[in-house]
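>>> this one's sequence-less:
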């Protein structure tokens, strides 16, 4: 069936999730997800994850399948949010929350620090770097947070926070994907 994918690891490995047909929904391909979760060391037990531009839900549900303590999926598309909630119900994903709202509005709200952030914005809209700045400036990141960014390969990620350090990066077809590690930027107290 079109518009479905399989979770590739963890307790829901092999389970299918479905998502609506919408031009802005571009699920992360299986091999890219596999590479990402290898980079993250597979098991996310006890970690909190934020999935911005959740779309199909592939990244957030993959994290929940790998025992993340909490996953928040943020998506503006109403049909995608309905599908996200349906997939959570089918999987009995009680540690996953779905927030239907614009990502910038969400990031302007009350912040809580997350250990892992997935950022896969629509292509050709230059949304990645402004989102990254808000994540850092508004307190959304734990001291050693890891941030996954997926963009079109032509996009230069210039202007990311200075305390983010690239851990890994690759390209697959038209997609570039990177994993950054945050270091706590607070100055030492005298």
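Cool, got the structure. Every value quoted in this text rests on a predicted model; they were computed, and no experiment measured them. Numbering: from 1, shown residues only.

>>> buried sites along the top helix by length along the chain?
Ranked by number of residues, the top helix in the chain under DSSP state H is helix 78-91. For helix 78-91, a neighbour-count test (16 or more other CB atoms under 10 Å) marks 80, 81, 83, 84, 85, 87, 88, 91 as buried. (Each C-beta comes from the backbone N, C-alpha and C, glycine too.)

>>> which ones are touching the first one?
Contacts here follow CB atoms under 8 Å, 6 or more residues apart in numbering; on that basis residue 80 touches 19, 20, 22, 25, 54, 55, 56, 57.

>>> Who wins on neighbours among the residues you listed?
For the contacts of residue 80, the largest number of neighbours (other CB atoms under 10 Å) sits with residue 57, at 32 neighbours.

>>> how much space between residue 120 and residue 156?
As defined by CB to CB, to the nearest Å, residue 120 lies at a distance of 17 Å from residue 156.

>>> Report the next helix or strand after the longest helix of the chain in sequence order.
strand 96-100 (DSSP states H and E).

>>> Please identify the buried residues of that next one?
Of the residues in strand 96-100, those with enough neighbours to count as buried (16+ other CB under 10 Å) are 96, 98, 99, 100.

>>> could you dump those residues to a markdown table with pLDDT and distance to residue 180?
A markdown table is the format used below for the buried residues of strand 96-100 (pLDDT from 0 to 100; distance: CB to CB, whole Å):
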| residue | pLDDT | distance to residue 180 |
| --- | --- | --- |
| 96 | 97 | 23 |
| 98 | 97 | 25 |
| 99 | 97 | 23 |
| 100 | 97 | 27 |
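
>>> Pick out the residue nearest the middle of the protein.
Most central in the chain under CA atoms, centre = their mean is residue 118, positioned 1.9 Å from the mean C-alpha point.

>>> before we move on, what SS does the closest residue in space to that one that isn't next to it in sequence have?
Sequence neighbours aside, residue 59 is the residue nearest to residue 118 in space, at 4.2 Å (criterion: CB to CB, 6 or more residues apart in numbering). Following DSSP: H, G, I helix; E, B strand; the rest coil, the label given to residue 59 is helix.

>>> Between the contacts of residue 80, which sits nearest residue 63?
Residue 63 lies nearest to residue 57 out of the contacts of residue 80, by CB to CB, at 10.2 Å.

>>> pLDDT score assigned to that closest one?
Predicted confidence (pLDDT) at residue 57: the value is 92.

>>> Number the residues from 27 up from this point.
Noted, 27 is the first residue going forward, which turns the last one into residue 83.

>>> okay but it is in contact with residue 108, surely?
No - counting by CB atoms under 8 Å, no contact exists between residue 83 and residue 108, whose distance comes to 11.3 Å.

>>> what sits against residue 144?
Contact criterion CB under 8 Å, 6+ apart gives 75, 76, 77, 78, 85, 86, 89, 174, 176 as the residues in contact with residue 144.

>>> Tell me which of those residues fall in strands.
Per DSSP state E, strands hold the following members of those: 75, 76, 77, 78, 174, 176.
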